[in-house]
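Visitor: I would like the atomic coordinates for the input below:
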Amino acid sequence: MNKILLASHGPLANGMKKTAEFLMGQNENVETLCAYVDEQSKDLPAMVEKWMNERNPEDQWVVITDIFGGSINNEFMIRAQEGGYWLIAGMNLPLVLSLWYETENLTEKQLETNISEASEGIVLCNKLLSEDTVEEDDEF
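Guide: Residues are numbered from 1 along each chain as shown. Okay, here's the model as predicted:
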């Protein structure tokens, strides 16, 4: 079974899950890990270790962290080779939605496609508006 762990500094992971649920409906296969929100969550290595020990190793996990090189991503990087999970840095809503109900076993190529498509959703809209204006001017 495919499962997702959204992991972030602060409450971003919870907010991302709530937003995805609002758009897609609930998904019991999505968990969150929010670090540094209270005293207990300041011990990041212990939080990650607890998750590693409590998860079902037969499930296929995709861990999505908020930022590459951040403490959360680094903590999962340390364990990635032993961990048996895919690790993606750069959490965004299009990426989460693309994996929300994925039931097939995920491959590296498929995840790279999901990441690429999610990245394409990051757009400087003002530039698009100015390009549209130029195209409209050319029509006259």
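Visitor: so where's this protein uncertain?
Guide: Low-confidence segments of the chain, defined by pLDDT under 70, are located at 132-140.
Visitor: Which strand runs longest in the protein?
Guide: As assigned by DSSP state E, the longest strand anywhere in the chain is strand 2-9.
Visitor: What is the distance between it and the centre of its chain?
Guide: For strand 2-9, the distance from its own C-alpha centre to the chain's C-alpha centre is 6 Å (CA atoms, centre = their mean, to the nearest Å).
Visitor: Can you name the next helix or strand after that strand?
Guide: Remark: after strand 2-9, the chain's next helix or strand is helix 12-24, criterion DSSP states H and E.
Visitor: ok so, going back, and the contacts of the longest strand of the chain?
Guide: With contact meaning CB atoms under 8 Å, 6 or more residues apart in numbering, strand 2-9 is reached by 12-13, 16-17, 27, 29-36, 51, 55, 59-67, 70-72, 76, 85, 91, 96, 99-100, 102-106. From N, CA and C alone the C-beta is placed, and that goes for glycine too.
Visitor: Now with 7 Å, please.
Guide: Under the contact criterion CB atoms under 7 Å, 6 or more residues apart in numbering, strand 2-9 has outside partners 13, 16-17, 29-36, 51, 59-66, 70, 72, 76, 91, 96, 99, 102-103, 106.
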